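Enquirer: Everything below, folded, please.
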Amino acid sequence: LLAGSSRRYSFHEAASAAEGMALLKRLGGEGVRVACVLLDYNLPDGTALGPRFRTPSSAVTRAFRRAHYPDVSDGDWNDWHWQLRHRVRRLAELERILVLSADERAALTADGATLPLGITPYYLSLVAATDPSQPLRRTVVPSSAERLRSPGEAVDPLGEEGHTAVPGLVHRYPDRVLFLVHDFCTTYCRYCTRSRKVGHGELGSSRGNLLAAIEYIREHREVRDVLLSGGDPLSLADEKLGWILEQLRAIPHVELLRIGTKVPVVLPQRITPGLTRLLRRFHPLWMSVHFTHPDECTPEVNRACTRLADAGIPLGSQTVLLRGVNDDVPTMKRLMHELIKLRVRPYYLYQCDPIVGSAHFRTPVAKGLEIIAGLRGHTSGYAIPTYVIDAPGGGGKIPLLPDYVVGRDGDDLLLKNYEGNTYRYTDPG
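Expert: Numbers count the residues shown, from 1 in each chain. Below is the predicted model of the structure:
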């Protein structure tokens, strides 16, 4: 397919090799000349594609590429391996692209960094070059506030270490476990609950570590639900991820597999047809995707979520409430509406966990309740997440709601609706 060619082409996508062969046979029978077959869109360097064949991207990302990666081909830019190899991890790389504030520079040059720097070129394309207060920039570029310890903060605020059965496996709830498959993320969020672990190389995905966790699950028949997290499970190669899922699916009492990930948001190029073919083998498999702000809902992310949803994977969102990022009703409502359009069901809105150095991100709990009150009744029920605090010390998730129950008057329950009006509901004791 050559840019500027006068020939006419049509584009067909097949979900499997067998479906592709059937499509080729049908097209051939209709006298259609097949020019080429592209497998998983892994195009060689220098392949020229006409505009209608290119992966959709936002104007912001296209302008970013022209400014900072002008010689990178579409094939490379849309290759998740290329994105991983070219993550921005050092001060010199970052300041080539961003105009850093004095505070950001100080945080990047201080000794004993708490959480590594790591941002994919794609996600960096969404970050404002000159505005340190931009929401997405605040979530991935370090600040000096990360080094301040405030009352109530802890290295492991959720008490995961105390519920760790074997390395990488947290068994806190009776019938489900958290399986931390490794500690690597493609992009590091500055408010990460597991900043004590991720990016430090302490939790590898060695066969021994993984087998020990899998064996524990096999021996504990009460475990029916396994959540893969880390680090980010989708940053693993298809072969290793497939092996883990295969081992778990072979355990009779494991009913549900879940994956917690931010990869569809920070590295949507990872969601290839090959990956979705792999994942659909292990149904029922659900996915919780970490979204933070409506600016993340780009054409690339739309394509990634569409592929996952079309593979039959139910998608839910997990969003952390962050001061100066998404802590107002209009921003949160816009994010929830964008998620619904992406076929992602808003699931949890988390109060930011009190990890060390997170005070600048945390809001009062009253702010979260205000946001839920601003959504309930003012938008679709499907667009309203459950607001929770993950109780410090391992208490688990505790849901919070505005005060809709006013009280009782005899046999009547007094209820307040989204407009603030009070209604009586007959409810004899």
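
Enquirer: Could you list the buried residues of the one helix or strand Lys333 maps to?
Expert: Here Lys333, judged by DSSP states H and E, is contained in helix 329-341. For helix 329-341, the neighbour count (16 or more other CB atoms under 10 Å) marks Thr331, Met332, Lys333, Arg334, Leu335, Met336, His337, Glu338, Leu339, Ile340 as buried. In this view, the C-beta of every residue, glycine as well, is placed from N, C-alpha and C.

Enquirer: same question, stretch 308-323
Expert: 308-309, 311, 313-323.

Enquirer: among these, which are in strands?
Expert: Leu315, Gly316, Ser317, Gln318, Thr319, Val320, Leu321 (DSSP state E).

Enquirer: what residues does the helix holding Lys333 touch?
Expert: Residues from elsewhere that reach helix 329-341, judged by CB atoms under 8 Å, 6 or more residues apart in numbering: 135, 291-294, 297, 302, 317, 319, 326, 345-346, 349, 370-371, 374-375, 378-380, 382-385.

Enquirer: give me that answer again for 10 Å
Expert: 135, 289, 291-298, 301-302, 305, 315-317, 319, 321, 325-326, 328, 344-347, 349, 368, 370-375, 378-380, 382-385 (CB atoms under 10 Å, 6 or more residues apart in numbering).

Enquirer: what about burial for these, which qualify?
Expert: 135, 289, 291-298, 301-302, 305, 315-317, 319, 321, 325-326, 344-347, 349, 368, 370-375, 379, 383-385.

Enquirer: in the stretch 101-250 of the chain, which ranges drop under the pLDDT threshold?
Expert: 112-113 (pLDDT under 70).

Enquirer: ranges for the strands of it?
Expert: Along the stretch 101-250 of the chain, the segments classed as strands by DSSP state E, counting those that start in this stretch run 164-166, 169-173, 176-180, 225-229.

Enquirer: Enumerate the positions of the host helix or strand of Leu414 that are buried.
Expert: If you go by DSSP H and E, Leu414 is part of strand 412-416. Of the residues in strand 412-416, Leu413 count as buried by neighbour count, 16+ other CB under 10 Å.

Enquirer: What strands line up against that strand, and which way round?
Expert: strand 405-409 (antiparallel), strand 422-426 (antiparallel) (DSSP bridges).

Enquirer: for the ones you listed, which one sits closest to His163?
Expert: strand 405-409 (33.1 Å; CB to CB).

Enquirer: model confidence over the closest one, on average?
Expert: Strand 405-409 shows a mean pLDDT of 94.

Enquirer: which outside residues touch it?
Expert: So strand 405-409 is contacted by Leu413, Leu414, Leu415, Lys416, Thr422, Tyr423, Arg424, Tyr425, Asp427, Gly429 (CB under 10 Å, 6+ apart).

Enquirer: just the helices in the stretch 151-300 of the chain please.
Expert: 207-219, 238-249, 263-266, 273-279, 299-310 (DSSP state H, counting those that start in this stretch).

Enquirer: and His290, how many neighbours?
Expert: Neighbour count of His290, defined by other CB atoms under 10 Å: 20.

Enquirer: which residues does the spatially most central residue of the chain contact?
Expert: The centroid of the chain falls nearest to Lys262 when counting by CA atoms, centre = their mean (2.1 Å). Residues near Lys262 by CB under 10 Å, 6+ apart: 123, 185-189, 192, 232, 234-235, 288-292, 296, 318.

Enquirer: Repeat the analysis, applying 7 Å as the threshold.
Expert: Counting by CB atoms under 7 Å, 6 or more residues apart in numbering, Lys262 touches Thr187, Asp232, His290.

Enquirer: Check Ala67 too.
Expert: Applying CB under 7 Å, 6+ apart, no residues contact Ala67.

Enquirer: from the middle of its chain, how far away would the host helix or strand of it be?
Expert: Ala67 is part of helix 59-68, with elements assigned from DSSP H and E. When C-alpha coordinates are averaged (CA atoms, centre = their mean, to the nearest Å), helix 59-68 and its chain have centres 23 Å apart.

Enquirer: same deal with stretch 252-269?
Expert: With CA atoms, centre = their mean, you get 9 Å for stretch 252-269.

Enquirer: Now Lys397: phi and psi?
Expert: phi -80, psi 130 (degrees, to the nearest 10).

Enquirer: need the contact list for it.
Expert: Taking CB under 7 Å, 6+ apart, one finds Val388, Asp390 in contact with Lys397.

Enquirer: for it, which residues make a bridge with it?
Expert: Asp390.

Enquirer: Reduced to three states, what does Asp353 come out as?
Expert: coil (DSSP: H, G, I helix; E, B strand; the rest coil).

Enquirer: how near is the residue lying closest to it once chain neighbours are set aside to Ser288?
Expert: With CB to CB, 6 or more residues apart in numbering as the criterion, Asp353 has its nearest non-adjacent residue at 4.7 Å, and that residue is Thr193. Distance, Thr193 to Ser288, by CB to CB, to the nearest Å: 13 Å.

Enquirer: What of Asp238?
Expert: For Asp238 relative to Ser288 (CB to CB), the value is 20 Å.

Enquirer: cool, and Arg323?
Expert: Taking CB to CB, one finds Arg323 at 23 Å from Ser288.

Enquirer: hey, C-alpha coordinates of stretch 186-197 in PDB?
Expert: What follows is stretch 186-197, C-alpha atoms only, in PDB (Å, rounded to 0.1, in the frame of the first residue of the first chain):
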ATOM      1  CA  THR A 186       5.500   1.100  31.500                       C
ATOM      2  CA  THR A 187       4.600   4.500  33.100                       C
ATOM      3  CA  TYR A 188       5.000   5.200  36.800                       C
ATOM      4  CA  CYS A 189       2.200   7.200  38.500                       C
ATOM      5  CA  ARG A 190       3.500   9.500  41.300                       C
ATOM      6  CA  TYR A 191       0.700   8.500  43.700                       C
ATOM      7  CA  CYS A 192       1.200   4.700  43.300                       C
ATOM      8  CA  THR A 193       0.000   2.600  46.200                       C
ATOM      9  CA  ARG A 194       2.900   0.200  45.700                       C
ATOM     10  CA  SER A 195       5.600   2.800  45.300                       C
ATOM     11  CA  ARG A 196       7.600   0.800  47.900                       C
ATOM     12  CA  LYS A 197       7.800  -2.000  45.400                       C
END
